[in-house]
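Colleague: Quick one, structure for this:
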Amino acid sequence: MMKLDECVTTKQAARLLGVCCNTLRGWDLAGVIPVRRHSKNNYRLFAVADLERIRKEIRATGTYPGGWQRPRRPKQTPRLTIGTSSETKSTPGFAAA
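Modeller: Here you go, the predicted structure:
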């Protein structure tokens, strides 16, 4: 039997893994992540040891339980500026200040 101080709530588990609460609930329904229930209020509880194991797997493989991968951000290209601040361009219909 696991002690309550060895478990965390859904919100705490989501923060630890870097996912949203609904993702954890989905993993629970799919049977991907082991979940315990609080004996009095039936809340989901996640064992810290299980979360640490899953977090290590995510860091090692880059894949979340269920096969999902966090999309990679495209590399930002530096913005090119044309001309210098001393050059002024006139726009048709507007007077230069």
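Colleague: okay, CA-based contacts and neighbour counts for the rest of this
Modeller: OK.
Colleague: which residues sit against the lengthiest helix in the chain?
Modeller: Ranked by residue count, the top helix of the chain under DSSP state H comes out as helix 48-61. With contact meaning CA atoms under 8 Å, 6 or more residues apart in numbering, helix 48-61 is reached by Glu6, Cys7, Val8, Ala13, Leu16, Leu17, Pro34, Thr63, Tyr64, Pro65.
Colleague: what pLDDT does the second one get?
Modeller: Just to be clear, that refers to Cys7. On the pLDDT scale, Cys7 is placed at 92.
Colleague: again with the last one
Modeller: Per-residue pLDDT puts Pro65 at 77.
Colleague: now swap in the one 4 residues further on and tell me
Modeller: The score at Gln69 is 60. That number is its pLDDT.
Colleague: Report the beta-bridge partners for the closest residue to Thr9 other than its chain neighbours.
Modeller: With sequence-adjacent residues excluded and distances taken as CA to CA, 6 or more residues apart in numbering, Thr9 is closest to Leu45, at 5.1 Å. Assessed by DSSP bridges, Leu45 has beta-bridge partners Arg36.
Colleague: was I right about Leu45 contacting Glu6?
Modeller: No - when contacts are counted by CA atoms under 8 Å, Leu45 is not listed as touching Glu6 (9.4 Å).
Colleague: neighbour count winner among those two?
Modeller: Leu45 (20 against 11; other CA atoms under 10 Å).
Colleague: Roughly how far does the more buried one sit from His38?
Modeller: According to CA to CA, to the nearest Å, Leu45 and His38 sit 7 Å apart.
Colleague: Check Glu52 too.
Modeller: 20 Å.
Colleague: just Lys56 next, same as before
Modeller: For Lys56, the distance to His38 - CA to CA - is 26 Å.
Colleague: just to revisit the earlier point, list the buried residues for the longest helix of the chain?
Modeller: For helix 48-61, a neighbour-count test (16 or more other CA atoms under 10 Å) marks Val48, Leu51, Ile54, Arg55 as buried.
Colleague: Keeping just the C-alphas, turn that helix into PDB.
Modeller: Below are the C-alpha coordinates for helix 48-61, written out as PDB (Å, rounded to 0.1, in the frame of the first residue of the first chain):
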ATOM      1  CA  VAL A  48       6.300  10.300  -7.500                       C
ATOM      2  CA  ALA A  49       8.500   7.300  -8.400                       C
ATOM      3  CA  ASP A  50       6.400   6.600 -11.500                       C
ATOM      4  CA  LEU A  51       6.500  10.300 -12.500                       C
ATOM      5  CA  GLU A  52      10.300  10.400 -12.100                       C
ATOM      6  CA  ARG A  53      10.700   7.300 -14.300                       C
ATOM      7  CA  ILE A  54       8.400   8.700 -17.000                       C
ATOM      8  CA  ARG A  55      10.200  12.100 -16.900                       C
ATOM      9  CA  LYS A  56      13.600  10.300 -17.400                       C
ATOM     10  CA  GLU A  57      12.100   8.400 -20.400                       C
ATOM     11  CA  ILE A  58      10.800  11.600 -21.900                       C
ATOM     12  CA  ARG A  59      14.200  13.300 -21.500                       C
ATOM     13  CA  ALA A  60      16.100  10.300 -22.900                       C
ATOM     14  CA  THR A  61      13.900   9.600 -25.900                       C
END
